[in-house]
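> predicted model and sequence below, questions to follow.
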Amino acid sequence: MTRTIRHSIPATALALLCSVLLAACEQPSRLEQLREEGTLRVITRNTPTTYYQGRHGDTGLEYELSKRFANSLDVELEMITSPTLDDLYRQLIDGKGPHIAAAGLTANPNRAEQVHFAQAYLQVTPQVVYRRGDRQPRGIEDLYDRRITVLKGSALADQLRQLQIEHPQLVFEESDSLETVDLLRMVNDGEIDYTVVYSNELVVNQGFYPALHVGFDLGPAQPMAWALTGGEDQSLLQEVNRFFDRIRADGTLDQLLERFYGHADVLDYVGARAFARHMQQRLPRFEQLFRQSADQHGMDWRLLAAMGYQESLWDPDARSPTGVRGLMMLTLPTARFVGVTNRVDPAQSIAGGARYLVWVRDQLSTDIPEPDRTWFALAAYNVGLGHLDDARILTRNNGRDPNRWIDVKDHLPLLSKKQWYSQTRYGYARGAEPVHYVQNIRRYYEILTWVTQPQAETPQVPQEQYHAPGILEQLPQGI
């Protein structure tokens, strides 16, 4: 005979057990907790490709993405900067501080057990960088017994360690006291032989360090993504992925990538050296004129100076075969329109160029937001409002957004093809020119902003103190 033994549970213990189970069931998800707290905490790095302080406050690709994600959740954004990658991951894994790491990270398989990586928003290639003039490395064997430094805690360091298994002569150092820009400067200055960085980091900084060159790709492209605290609760991860699905579908992601990377590779080695030399020798003669005209019209003087360089290389006597003249290369009708009587007078030319740019910008549709509005104005300054309007119409007819530069710049070159310009009001135009024009100015503007940031806040600093780290050092002695 089988006996069944029944244990009775006291009513108080049963009630306690039920309350515990009920509380567990009602535990809010990670996403719900974030919304209840009202603040999205994002940990990042202070670099040109992630997050930094610009003229108008916080900026950088990771900041702009984070701000839009916080807005989509209707919460505040708190950016936290970490001194090292190891510290960044430690804070994220701890689970008590930041919700997300948005720091130019690649989906590192060695971290996959500790954190969740969201879907990729950019593909980047690991590249071995060397100093132009030195022997170009073309393979792993060329790295043997050379001075190589990479960021400690990075996926690149993990990749090199993996390569050491088959290449024990490959030796490298890891640093947690440097950032990518420091490593690039060290290669540029000959302090180390090589470093390994991602392609997006090199393209943004190469204009500042024109001696840098790619030796070879260390491997295929890798996905760049946000990292989140690990665990079974994936509610926030799912929301991040939905966010990236939305901004990829509506074009916001492409627009941000174009904003931060779309103009970064327009300067070659020769062009960067020439710009550095002219910045040192010519710009000081005209800086005050650029400042005065820009102040009168509420512009950034460095944007106006970048225009002047694109137009004439800051040469007040410049002249083109088509009859445009002066530092801002004004046509005779345009000069008359803005009240310039002497096009080769630098003060008149700069003032006239500023007035005309502002006038052009004021003619644009109020639906065009900044910074696209400025890029549109520059394009119209170059090719004319009529041709710009034609390109915007083609853009709209092809299902793209006529108020976004990333879309219109793809259609401007069509104005040189009969099948397209025959559909327009103003006809043929060399539509590729305004695209290059805008991209070049954006790059010059970026470099001027970086180099002159201290002077921007202290105009009384003597102009002779211009200094472009990494650029001017490349000039031959005596130039």
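Right, received. Where do you want to start?
> just checking, what packs against the helix or strand hosting V129?
Element membership of V129, judged by DSSP states H and E, is strand 126-131. Using 3 or more C-beta pairs under 8 Å, 6 or more residues apart in numbering; DSSP states H and E, the elements in contact with strand 126-131 are helix 180-188, strand 194-198, helix 199-205, strand 212-217. The C-beta positions use only the backbone N, C-alpha and C, and glycine is treated the same way.
> partner strands of it, parallel or antiparallel?
With DSSP bridges as the test, strand 126-131 is paired with strand 194-198 (antiparallel), strand 212-217 (antiparallel).
> got the contact list for L218?
The contact partners of L218, by C-beta atoms under 8 Å, 6 or more residues apart in numbering, come to 126-128, 156, 159, 196.
> for it, which non-adjacent residue is spatially closest?
Once flanking residues are discounted, L218 sits nearest to P126: 4.1 Å by C-beta to C-beta, 6 or more residues apart in numbering.
> same question, L394
If you skip the residues right next to it in sequence, L394 has H411 as its closest partner in space, 4.5 Å away by C-beta to C-beta, 6+ apart.
> with P98 instead?
With sequence-adjacent residues excluded and distances taken as C-beta to C-beta, 6+ apart, P98 is closest to I43, at 3.8 Å.
> which strand or helix spans that neighbour?
Assigned by DSSP H and E, I43 belongs to strand 39-44.
> other SSEs contacting the longest helix along the chain?
Among the segments of the chain that qualify as a helix by DSSP state H, the longest is helix 432-457. Helices and strands touching helix 432-457, by 3+ C-beta pairs under 8 Å, 6+ apart, are helix 269-281, helix 301-312, helix 372-383, helix 405-411.
> could you check how far D250 is from D401?
9 Å (C-beta to C-beta, to the nearest Å).
> comparing these two, which residue is more hemmed in?
Applying other C-beta atoms under 10 Å to D250 and D401 shows that D401 carries more neighbours, namely 17 against 11.
> OK, contacts around the more buried one?
If you count contacts by C-beta under 8 Å, 6+ apart, D401 has them with 251, 395, 407.
> could you redo the last one with a cut-off of 6 Å?
For D401, the set of contacting residues under the criterion of C-beta atoms under 6 Å, 6 or more residues apart in numbering consists of D407.
> my guess is it is in a helix, correct?
No - assessed with DSSP: H, G, I helix; E, B strand; the rest coil, D401 is coil; it does not lie in a helix.
> okay, it: pLDDT?
At D401, the model reports a pLDDT of 94.
> give me whichever of the strands paired with strand 126-131 is most buried.
Mean neighbours per residue, mean count of other C-beta atoms under 10 Å, is largest over these for strand 194-198, with a mean of 25.
> could you chop the chain up by domain?
Here the domain assignment for the chain is 29-119+225-261, 126-219, 269-472, based on automatic domain parsing.
> how far does stretch 89-106 sit from its chain's centre?
21 Å (C-alpha atoms, centre = their mean, to the nearest Å).
> neighbouring contacts of it?
Counting by C-beta under 6 Å, 6+ apart, the neighbours of stretch 89-106 from elsewhere in the structure are 34, 40-45, 49-50, 62, 66, 80, 88, 114-115, 155, 222, 224, 226-229.
> from the residues you listed, keep the buried residues only.
Applying a neighbour-count criterion of 16 or more other C-beta atoms under 10 Å, the buried members of the contacts of stretch 89-106 are 34, 40-45, 49-50, 62, 66, 88, 115, 155, 222, 224, 226-229.
> what about those, which are in strands?
Among those, the ones falling in strands (DSSP state E) are 40-44, 115, 222, 224, 227-229.
> what's the closest of those residues to L415?
Nearest to L415 among these, counting by C-beta to C-beta, is M224 at 34.8 Å.
> grab the nearest non-local neighbour of that closest one.
In space, M224 is closest to L122, 4.3 Å off (C-beta to C-beta, 6+ apart).
> thought the one you found was touching P223?
No - contact between L122 and P223 fails when scored by C-beta atoms under 6 Å: they sit 7.7 Å apart.
> out of those two, which sits in the more crowded spot?
Here L122 and P223 are set side by side on neighbour count (other C-beta under 10 Å), and the busier one is L122, at 19 against 15.
> check the gap between that one and A227 for me.
Counting by C-beta to C-beta, the separation of L122 from A227 is 14 Å.
> what does D390 give?
Between D390 and A227 the distance is 45 Å, computed by C-beta to C-beta.
> if we can go back for a sec, I'd like the ones in strands among the buried ones among the contacts of stretch 89-106 laid out as JSON lines, including distance to E166 and pLDDT.
Below are those laid out as JSON lines (distance: C-beta to C-beta, whole Å; pLDDT from 0 to 100):
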{"residue": "L40", "distance to E166": "43", "pLDDT": "96"}
{"residue": "R41", "distance to E166": "41", "pLDDT": "96"}
{"residue": "V42", "distance to E166": "38", "pLDDT": "96"}
{"residue": "I43", "distance to E166": "35", "pLDDT": "96"}
{"residue": "T44", "distance to E166": "34", "pLDDT": "94"}
{"residue": "V115", "distance to E166": "28", "pLDDT": "92"}
{"residue": "Q222", "distance to E166": "20", "pLDDT": "92"}
{"residue": "M224", "distance to E166": "26", "pLDDT": "94"}
{"residue": "A227", "distance to E166": "29", "pLDDT": "95"}
{"residue": "L228", "distance to E166": "33", "pLDDT": "94"}
{"residue": "T229", "distance to E166": "34", "pLDDT": "90"}
